[in-house]
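Peer 1: Give me a 3D structure for the following:
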Amino acid sequence: MPSITDSKCILVIGSTSGIGRALALAIMDLPSKPTVIVCGRRKEKLDELVASHGPTGRLKSVTLDVLAERDALKASIQRIVNTYPDACLDAVMFSSGIQRGFDFTQPETIDLECRSFHCGSMIYSIFFWSALECELATNYTSIVRMITFFLPHLIKLGEQGRPTFLYPVSSGLSIYPAAGVPDYCATKAAIHSLSISLAVQLKEKNVHVVEIIPPFVESELHGSEGTTQHLANIWMPLQKYTRLTLEGLVRGDPYVPVGTAVDRHKKFEEGKLELAQRLYGRS
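Peer 2: Below is the predicted model:
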């Protein structure tokens with residue numbers, strides 16, 4: 001199977017911090033020297049990242065709001081594809097995501113309401129998402145949309161003989177949920193299932209779908225909660241996680257679980273991709 005070393009230009013969506021940022025910079029250092037496009041909503045963070053990496057010319061940036069209205073999101077993706085004709089974008093990693101807690105023992109606390117506001121005679125009814133729908137849209141719906149919009153370009157390259165790649169980032173919690181973050185786990189389970197189906201459907205198109213399955217990884221997001229010291233005893237250091245994940249991507253593994261996600265995947269998921277392939281072949 002082709003691997004990330006065959007990619008000439010990879011877009012990492014959600015790369016202003018955390019896993020996305022670390023993987024983007026690690027991919028930059030591959031001997032194959034791909035162009036890497038870091039992508040997110042915060043332009044100042046992207047500019048800072050590009051400036052800090054030195055004048056190689058291979059690290060680019062583009063702003064993108066994954067929650068943009070459908071047609072606006074499609075137009076943004078088409079602009080990205082058109083902006084890099086020389087590098088010819090051939091791989092996309094989907095690392096954007098949010099995580100929120102929901103306590104269904106207190107159903108009145110579950111935020112299901114979309115806010116609206118009036119501007120003259122106009123009413124904008126879904127300008128503010130409910131907390132639950134925002135998490136669903138960020139972690140799943142927007143990714144399905146983006147994959148759909150990128151696929152015409154990737155399929156065309158694949159049919160020309162150039163391997164292309166989709167790298168959805170799910171979570172070990174897609175296999176073994178944490179009850180305190182039920183919606184997050186459900187969205188990652190959806191990404192996990194989608195990744196298997198896409199890997200089967202797109203195999204003959206030379207579009208390779210490789211699911212990245214992190215364990216609980218070091219993150220600065222917990223600093224404001226005052227839990228960093230406690231969590232540092234149980235999470236995987238980001239540097240170690242990045243190294244192990246990149247090793248799997250370079251090998252061309254069909255999916256890349258790391259740490260505790262390895263045992264969870266082996267226990268509950270091993271053979272599922274092959275079964276999906278057999279079932280699809282019978283349809």
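
Peer 1: any weak-confidence spans in the stretch 101-250 of the chain?
Peer 2: Applying pLDDT under 70 to the stretch 101-250 of the chain flags residues 114-129, 220-232.

Peer 1: What are the boundaries of the strands in it?
Peer 2: 115-119, 122-128, 164-168, 207-209, 211-213 (DSSP state E, counting those that start in this stretch).

Peer 1: residues in contact with the third one?
Peer 2: I take that to be strand 164-168. 2, 4, 7, 10, 90-94, 143, 147, 150, 154-155, 157-158, 191, 194-195, 198, 202, 206-212, 249 (CB atoms under 8 Å, 6 or more residues apart in numbering). Quick note: C-beta positions are derived from backbone N, CA and C, even for glycine.

Peer 1: separation between the residue nearest to residue 13 when sequence neighbours are not counted and residue 170?
Peer 2: Leaving out its chain neighbours, the residue that sits closest to residue 13 by CB to CB, 6 or more residues apart in numbering is residue 39, at 4.7 Å. To residue 170, residue 39 is 19 Å away according to CB to CB, to the nearest Å.

Peer 1: cool, and residue 44?
Peer 2: Relative to residue 170, and taking CB to CB, residue 44 is found at 29 Å.

Peer 1: And the two? Which one has more around it.
Peer 2: residue 170 (26 against 9; other CB atoms under 10 Å).

Peer 1: who's in contact with the nearest residue to residue 59 once chain neighbours are set aside?
Peer 2: Computed as CB to CB, 6+ apart, the closest residue to residue 59 that is not its neighbour in sequence is residue 53, at 4.9 Å. Neighbouring residues of residue 53 by CB under 8 Å, 6+ apart: 25, 28, 59.

Peer 1: Can you give me the pLDDT of the last one?
Peer 2: Reading off the confidence values, residue 59 has pLDDT 93.

Peer 1: what does the first one give?
Peer 2: At residue 25, the predicted lDDT confidence score is 94.

Peer 1: Counting neighbours, what do you get for it?
Peer 2: Other residues lying near residue 25 total 18 when counted by other CB under 10 Å.

Peer 1: Next, find the distance separating it from residue 105.
Peer 2: 41 Å.

Peer 1: what about the residue nearest to residue 30 when sequence neighbours are not counted, is that helix, strand or coil?
Peer 2: Once flanking residues are discounted, residue 30 sits nearest to residue 5: 6.2 Å by CB to CB, 6+ apart. Of the three states, residue 5 takes helix under DSSP: H, G, I helix; E, B strand; the rest coil.

Peer 1: Which pLDDT value belongs to residue 5?
Peer 2: The model's pLDDT for residue 5 equals 97.

Peer 1: Make sure it is actually in contact with residue 27.
Peer 2: No. Contact criterion CB atoms under 8 Å: residue 5 and residue 27 do not qualify, at 9.8 Å.

Peer 1: Neighbour count: those two, which is higher?
Peer 2: residue 27 (26 against 14).

Peer 1: tell me the pLDDT at the residue nearest the centre of the chain?
Peer 2: Nearest to the mean C-alpha position of the chain, by CA atoms, centre = their mean, lies residue 94 at 2.2 Å. On pLDDT, residue 94 comes in at 97.

Peer 1: That's all I had, so thanks and see you.
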